[in-house]
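Participant: predicted structure and sequence below. I'll ask about it afterward.
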Amino acid sequence: MLVSVVSCNSIRQSSLAKKNIIKTEFYNHYFNGSLKLSIRFFGGHRPVNPPLGNYKKHTPKVLKTYLRKELRHSSKYKMLFYSYSPGKVFGFYYIGLLHNHFQNDTCYKKEKSINNSIFFERNETEKIDNFLLKKYIIPLGKKDIIFYCFKKILFNYHTDSATLKNDTYAELMTLKTLSNFKPFDESTKYFSDSVNIAANLPGYATPLNALLKLQNENRDKADINLLNQYLFSEYAALDEIDTIRQLLYEQHTFKGNSIQNRSSDTLRVNNQFALPEILKEAERQKVMMINESHYDWRHRYFVTLLLDSLYKKGYKYLCMEALINPNEINNRKFPATDDGFYIKEPFMANLARTALKIGYKLIAYEDSTTNLEENLFHSPVDKREYYQALNLYNQYEKDTTSKWLVYAGYSHINKYRFGPQEESTMAKYFHEFSKVNPYSINQTQYCDIFSNKVAVDSSGKGKNYYYLRKDQINDSVLLKQSDLYIINNIHTIPYAARGVRKYHIHYDNTKGEDSEYFIEIFLKEEYFQNHHAIPIYIKRVSRVIFDKNVWLPENNYYLIVTDENDKIIYQSDF
């Protein structure tokens, strides 16, 4: 039995790897149950299970022949893990064998890795037919790991020197950061499963408390990157952005570091108002893509402002990465918690709700193929981008006369590459499939929850949001991957401009208990049609008396107050 727990940000860390910097929260974990061993290291490689069976089935004959000759005089060995990919850029086969203690010879050099484990590297890269081989030896008590790295260059694919160099760094940093082999740890093995189960519990209080409990019980930062991402999403649903910001900086996650080290542009945006510019461009475009940070409500609010005007210009489809049940939500005409993980956040829910009310058809396009054909791709990221684009294209082909609005997270809308080591993106693949070049609008580069570089004029409608064209950006070429960049630094929603009214909430806990509870406001019609409807307002409080004004579109609402276990303790018309 072989199990892997893989950090989703490992592949994106090549810039840190080049500087010989490793953040422990980006380690991967491999567990070999039959050998009772686990490995923790940095890298983007995934093993195939079962290792020996896949070795026999997938390894090219020339590599098997080489290994038989290599190992014929060795003591009995066991296969620790096996990872292979025919690849789009590189074909690679990583084979790890456990065997008796290695006797050093002049073919190997001894180096120290960052965490003081030792490995030996062959001085010259061997050529085995059309494969390049690097071989490493990693001590393991009285035994050792032989780590074979067979790499095949696919000459029919264009690669530049930077791509080759990045791939080499991924391989070397994987090996240089191998930590000590540890006894098989059942609690660690099941940690990611526990996190996923906790995050998908119903309600708002229950998953948050379950995740916080896991956080308190697992202080090793190498194990909690996935947990943190779920926590950030839970806090975002409660509009607790300050908590997210603080945690990101404290724990030095990838996002926090990238923002902390981001270069400062001189932004010149006089009279460059985003809303009219986007609507003008929408006339000429067939497909527009716009991104978001999953933790920033302002991005969802901004797109909501655009929906009605875009619909009048022919945009009939809203494609949402966050959506998993398109048929149900299109029939129901309002969102519910089982429509997707991110959609339970009130601003994301209102984006979907508003689109349905206007007349949009909602489209889901997330990759749902699990491990299908994963080894045909350069990386799991590449596979996800490919299938997102393919799902979009298959839907788009059904109605090419209408215009399409695609709403995605972060780098999926990049027009050239996902990141330093990832060549393809969803937008790039979609262009290849459809021959339609999407117009890409980036909301995350200059208006995320950390960066407020430009003072926003809030004097009138349409002047809260500015834009930059890519030719105005002074940063590196890697960042110039969108057609337009939005600068959106509002801190409170300009409700007065939206024709809403003030509602007063007063709740007095007659029991006098000073404990945590949640104020939730629902559209009454939605709530009584489906108790899994999503509130349009939710607030976590820990006071006996809650007295607050909220601004909402005029409607019939229903107030629910729940405790820390999502049990209803008060409800009434509102």
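Facilitator: Looks like it came in fine.
Participant: what's the weakest-modelled helix or strand in this structure?
Facilitator: Sorting the helices and strands of the chain by mean pLDDT, DSSP states H and E puts helix 254-260 at the bottom, at a mean of 40.
Participant: next helix or strand past it?
Facilitator: Tracing the chain C-terminally past helix 254-260 and defining elements by DSSP states H and E, one meets helix 274-282 next.
Participant: now that next one: buried residues?
Facilitator: With burial defined by 16 or more other Cβ atoms under 10 Å, the residues of helix 274-282 counted as buried are 274-275, 277-278, 282. Every C-beta, even on glycine, is put in place using the N, C-alpha and C of the backbone.
Participant: need the CA coordinates for it. PDB is fine.
Facilitator: As requested, C-alpha coordinates have been extracted for helix 274-282 and formatted as PDB (Å, rounded to 0.1, in the frame of the first residue of the first chain):
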ATOM      1  CA  ALA A 274     -12.900  50.000 -15.000                       C
ATOM      2  CA  LEU A 275     -16.600  49.400 -15.400                       C
ATOM      3  CA  PRO A 276     -17.000  51.500 -18.600                       C
ATOM      4  CA  GLU A 277     -13.700  50.100 -20.000                       C
ATOM      5  CA  ILE A 278     -14.800  46.500 -19.500                       C
ATOM      6  CA  LEU A 279     -18.300  47.100 -21.000                       C
ATOM      7  CA  LYS A 280     -16.700  48.800 -24.100                       C
ATOM      8  CA  GLU A 281     -14.400  45.800 -24.500                       C
ATOM      9  CA  ALA A 282     -17.300  43.400 -24.100                       C
END
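Participant: remind me what that helix packs against, helices and strands.
Facilitator: Judged by 3 or more Cβ pairs under 8 Å, 6 or more residues apart in numbering; DSSP states H and E, the packing partners of helix 274-282 are strand 287-292, helix 297-312, strand 465-469, strand 484-488.
Participant: now render these as JSON lines, adding mean pLDDT.
Facilitator: Formatted as JSON lines, the entries for the helices and strands packed on helix 274-282 read as follows, by pLDDT from 0 to 100:
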{"stretch": "strand 287-292", "mean pLDDT": "96"}
{"stretch": "helix 297-312", "mean pLDDT": "92"}
{"stretch": "strand 465-469", "mean pLDDT": "74"}
{"stretch": "strand 484-488", "mean pLDDT": "84"}
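Participant: residue 541 is nearest to which of those?
Facilitator: Relative to residue 541, the nearest member of these by Cβ to Cβ is helix 297-312, separated by 18.4 Å.
Participant: outside of that closest one, which residues touch it?
Facilitator: Outside helix 297-312, the residues within contact range by Cβ atoms under 8 Å, 6 or more residues apart in numbering are 236, 239, 241, 275, 278-279, 282, 288, 290-293, 318, 345-348, 350-351, 354-355, 358-360, 403, 405, 407, 443-444, 447, 465, 486, 488, 490, 493.
Participant: let's see 6 Å
Facilitator: Outside helix 297-312, the residues within contact range by Cβ atoms under 6 Å, 6 or more residues apart in numbering are 279, 282, 290, 292, 347-348, 351, 354-355, 358, 443, 488.
Participant: and the angle for it with strand 484-488?
Facilitator: Orientation note: helix 297-312 sits at an angle of 130 degrees relative to strand 484-488 (axes from the mean of the first three to the mean of the last three Cα atoms, to 10 degrees).
Participant: could I get the helices and strands packed on helix 274-282 in CSV, plus columns for distance to residue 377 and mean neighbour count?
Facilitator: Written out in CSV, the entries for the helices and strands packed on helix 274-282 read as follows (distance: least, Cβ to Cβ, whole Å; neighbours: other Cβ atoms under 10 Å):
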stretch, distance to residue 377, mean neighbour count
strand 287-292, 21, 25
helix 297-312, 28, 20
strand 465-469, 33, 21
strand 484-488, 29, 23
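Participant: surely residue 404 meets residue 317?
Facilitator: Yes - Residue 404 sits in contact with residue 317 when judged by Cβ atoms under 6 Å, with a separation of 4.8 Å.
Participant: of those two, who's got more company?
Facilitator: The residue with more neighbours, out of residue 404 and residue 317, is residue 404; 25 against 20, by other Cβ atoms under 10 Å.
Participant: the more buried one belongs to a strand?
Facilitator: Yes - per DSSP: H, G, I helix; E, B strand; the rest coil, residue 404 lies within a strand segment.
Participant: so what's it up against?
Facilitator: By Cβ under 6 Å, 6+ apart, the residues touching residue 404 are 287, 317.
Participant: same thing but at 8 Å, please
Facilitator: 286-288, 315-317, 319, 396.
Participant: in the stretch 401-550 of the chain, which ranges drop under the pLDDT threshold?
Facilitator: Judged by pLDDT under 70, the stretch 401-550 of the chain has its weakly predicted residues at 420-421, 447-464, 473-479, 489-499, 510-514, 543-544.
Participant: where do the strands of it begin and end?
Facilitator: With DSSP state E, counting those that start in this stretch applied, the stretch 401-550 of the chain shows strands at 403-409, 439-442, 465-469, 484-488, 501-508, 517-523, 537-541, 545-552, listed in chain order.
Participant: okay, angle between the third one and strand 484-488 too, please.
Facilitator: Orientation check (the same axes, to 10 degrees): strand 465-469 against strand 484-488 gives 150 degrees.
Participant: just the last one next, same as before
Facilitator: Comparing the axes of strand 545-552 and strand 484-488 via the same axes, to 10 degrees yields an angle of 140 degrees.
Participant: from the contact counts, what lies against strand 545-552?
Facilitator: Using 3+ Cβ pairs under 8 Å, 6+ apart as the contact criterion, the neighbours of strand 545-552 among helices and strands are strand 501-508, strand 517-523, strand 537-541.
Participant: who touches the first one?
Facilitator: If I follow you right, that is strand 501-508. The contact list for strand 501-508, computed with Cβ under 8 Å, 6+ apart, reads 519, 521, 544-554, 557, 559, 561, 570, 574.
Participant: repeat the analysis, applying 7 Å as the threshold.
Facilitator: Defining contact as Cβ atoms under 7 Å, 6 or more residues apart in numbering, one finds that strand 501-508 is touched by 519, 545-552, 554, 561, 570, 574.
Participant: that strand pairs with which strands, and in what direction?
Facilitator: Here the strand partners of strand 501-508, with direction, are listed using DSSP bridges: strand 545-552 (antiparallel).
Participant: got it, and the second one?
Facilitator: Note on strand 517-523: by DSSP bridges, its sheet partners are strand 537-541 (antiparallel), strand 557-563 (antiparallel).
Participant: need the winner for burial among those.
Facilitator: Mean neighbours per residue, mean count of other Cβ atoms under 10 Å, is largest over the strands paired with strand 517-523 for strand 557-563, with a mean of 20.
Participant: the next helix or strand after that one to strand 517-523, inter-axis angle?
Facilitator: On the C-terminal side of strand 557-563, the nearest following helix or strand under DSSP H and E is strand 568-573. Using the same axes, to 10 degrees, one finds that strand 568-573 and strand 517-523 are set 30 degrees apart in direction.
Participant: in PDB, list the C-alpha atoms belonging to strand 568-573.
Facilitator: Taking Å, rounded to 0.1, in the frame of the first residue of the first chain, the C-alpha atoms of strand 568-573 are listed here in PDB:
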ATOM      1  CA  ILE A 568     -30.900  27.000  15.900                       C
ATOM      2  CA  ILE A 569     -31.500  28.900  19.200                       C
ATOM      3  CA  TYR A 570     -33.600  31.700  17.800                       C
ATOM      4  CA  GLN A 571     -35.600  32.400  14.600                       C
ATOM      5  CA  SER A 572     -38.100  35.000  13.400                       C
ATOM      6  CA  ASP A 573     -39.300  37.100  10.500                       C
END
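Participant: strand partners of that strand, parallel vs antiparallel please.
Facilitator: strand 557-563 (antiparallel).
Participant: contact partners of the strand it pairs with?
Facilitator: 205, 507, 517-524, 527, 568-574.
Participant: same thing but 8 Å
Facilitator: If you take Cβ under 8 Å, 6+ apart as the criterion, strand 557-563 is touched by 203-205, 503, 505, 507, 515-524, 527-528, 535-536, 568-574.
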